[in-house]
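S.K.: Let's see this in three dimensions:
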Amino acid sequence: MAGRTSIADASGGFFSQPPNLSRLHREGITGKGVGIAVIDTGIFPHIDFCVPRMRIAAFADFVNGKTAPYDDNGHGTAVAGIACGSGMFSSAVGAAPMANIVALKAVDASGSGNVLGILSAMQWLYSNYKALGVRVVNISLGSEPLGARDPLVLGTRALTAAGLVVVASAGNSGPGGGTLKSPGVAEQAITVGGAEKGERGWYAAEFSSRGSKMQNKPDLIAPAVEITTSSAKGGFMLMSGTSAAAPLVSGFCALLIQRYPKHTPARIKEYVLSLVKELDCPHEVCGNGIFYPF
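M.R.: Next comes the predicted model:
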């Protein structure tokens with residue numbers, strides 16, 4: 001059973017099922033020294049990213065060409081908060097509260113972007129990830145898949161081959177089958193659908209995009225309804241959607257990489273999937289199960 005697995009390292013330490021973020025943080029596993037790139041709408045220099053130290057390591061703008069960090073939509077700031085907000089001034093503690101952030105703005109103020117902008121962000125990251133210590137890429141956005149030569153899939157393959165873990169949201173086009181967005185359709189990506197909790201426990205949110213019988217996707221689902229996170233207005237807000245589910249997994253990947261820095265993206269993905277709890281749910285809806293590290 002995937003929900004009962006733990007993986008030991010050579011020293012005998014392990015991340016056990018169920019993983020618990022609070023315990024890991026207390027033990028010093030906070031993502032410190034690991035960079036998470038967020039390809040999104042930009043980032044507001046929220047206090048939770050700047051205190052006790054500035055963790056916005058770099059910002060690049062592929063929409064308006066600005067140099068100082070900003071977020072004229074708010075989506076990217078909220079995503080970054082779930083991945084790595086410090087939580088020092090609220091209960092909104094990110095999965096990797098000491099990880100560094102590289103914010104790449106590829107989506108405009110209205111929430112619209114294009115493949116060229118996202119590819120430009122991917123190319124920039126490919127050229128700069130080593131200098132910035134980036135090991136994880138969060139892509140909480142998507143477009144309609146374009147088949148075998150889909151440019152975002154090809155970009156995801158290139159980043160993964162370079163040693164980066166790419167985490168992508170499944171999309172919010174459910175509940176129909178075959179509604180996954182790109183780059184979430186990429187085999188190499190960790191594709192995260194959305195989960196919510198009802199009286200009988202966790203289940204896939206209706207809005208969460210589904211895979212098909214021909215796809216081994218999504219890989220898992222994670223909490224995606226009314227998640228407290230950082231606001232681009234300076235306070236805090238609630239975020240819902242698979243955009244909120246993906247950064248929880250991204251942050252956890254940063255924790256794994258801090259502990260196991262030599263692990264490949266494939267090994268990190270295997271590790272994450274070993275820690276989910278299986279659900280009575282078709283794979284094309286829930287993947288391997290629910291990831292709930294609390």
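S.K.: C-alpha only now, for contacts and for neighbours.
M.R.: OK.
S.K.: so residue 21 touches residue 292, yeah?
M.R.: No. With contact defined as CA atoms under 8 Å, residue 21 does not count as touching residue 292 (9.5 Å).
S.K.: Grab the nearest non-local neighbour of the most centrally placed residue in the chain.
M.R.: In the chain, the residue lying closest to the centroid (CA atoms, centre = their mean) is residue 247, at 3.0 Å. Of all residues not flanking residue 247 in the chain, residue 83 sits nearest, at 4.6 Å (CA to CA, 6 or more residues apart in numbering).
S.K.: can you count the residues close to that neighbour?
M.R.: Residue 83 has 33 neighbours, counted by other CA atoms under 10 Å.
S.K.: Next, it: secondary structure please.
M.R.: helix (DSSP: H, G, I helix; E, B strand; the rest coil).
S.K.: just residue 58 next, same as before
M.R.: Using three-state DSSP, the structure places residue 58 in strand.
S.K.: correct me, but it touches residue 105?
M.R.: No. Counting by CA under 8 Å, residue 58 stays clear of residue 105, with 11.1 Å between them.
S.K.: where's residue 255, which helix or strand?
M.R.: Using DSSP states H and E, residue 255 falls within helix 242-259.
S.K.: swap that for residue 266, please
M.R.: Short version, using DSSP H and E: residue 266 is in helix 265-274.
S.K.: Equivalent analysis for residue 23, please.
M.R.: If you go by DSSP H and E, residue 23 is part of helix 21-26.
S.K.: Can you name the element that comes right after that helix?
M.R.: Toward the C-terminal end, the helix or strand that comes next after helix 21-26 (DSSP H and E) is strand 35-40.
S.K.: Which residues belonging to the following helix or strand past that following strand are considered buried?
M.R.: Proceeding N to C from strand 35-40, the next assigned helix or strand is helix 47-50, under DSSP H and E. Of the residues in helix 47-50, 47-49 count as buried by neighbour count, 16 or more other CA atoms under 10 Å.
S.K.: Check stretch 238-250 too.
M.R.: Buried positions in stretch 238-250, judged by neighbour count with 16+ other CA under 10 Å: 239-250.
S.K.: And for stretch 160-172?
M.R.: 160, 163-172.
S.K.: and if you look at stretch 24-43?
M.R.: 25, 29-43.
S.K.: Just want to know which of residue 58 and residue 105 has more residues nearby.
M.R.: residue 105 (28 against 17).
S.K.: thinking again about what came up before, keeping just the C-alphas, turn the helix holding residue 23 into CSV.
M.R.: Provided in CSV are the C-alpha atoms of helix 21-26 (Å, rounded to 0.1, in the frame of the first residue of the first chain):
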residue,chain,number,x,y,z
LEU,A,21,5.3,19.4,8.0
SER,A,22,5.3,20.8,11.5
ARG,A,23,7.6,18.0,12.7
LEU,A,24,9.9,18.3,9.8
HIS,A,25,10.2,22.1,10.3
ARG,A,26,11.0,21.6,14.0
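S.K.: contacts for it?
M.R.: If you take CA atoms under 8 Å, 6 or more residues apart in numbering as the criterion, helix 21-26 is touched by 30, 95, 293-294.
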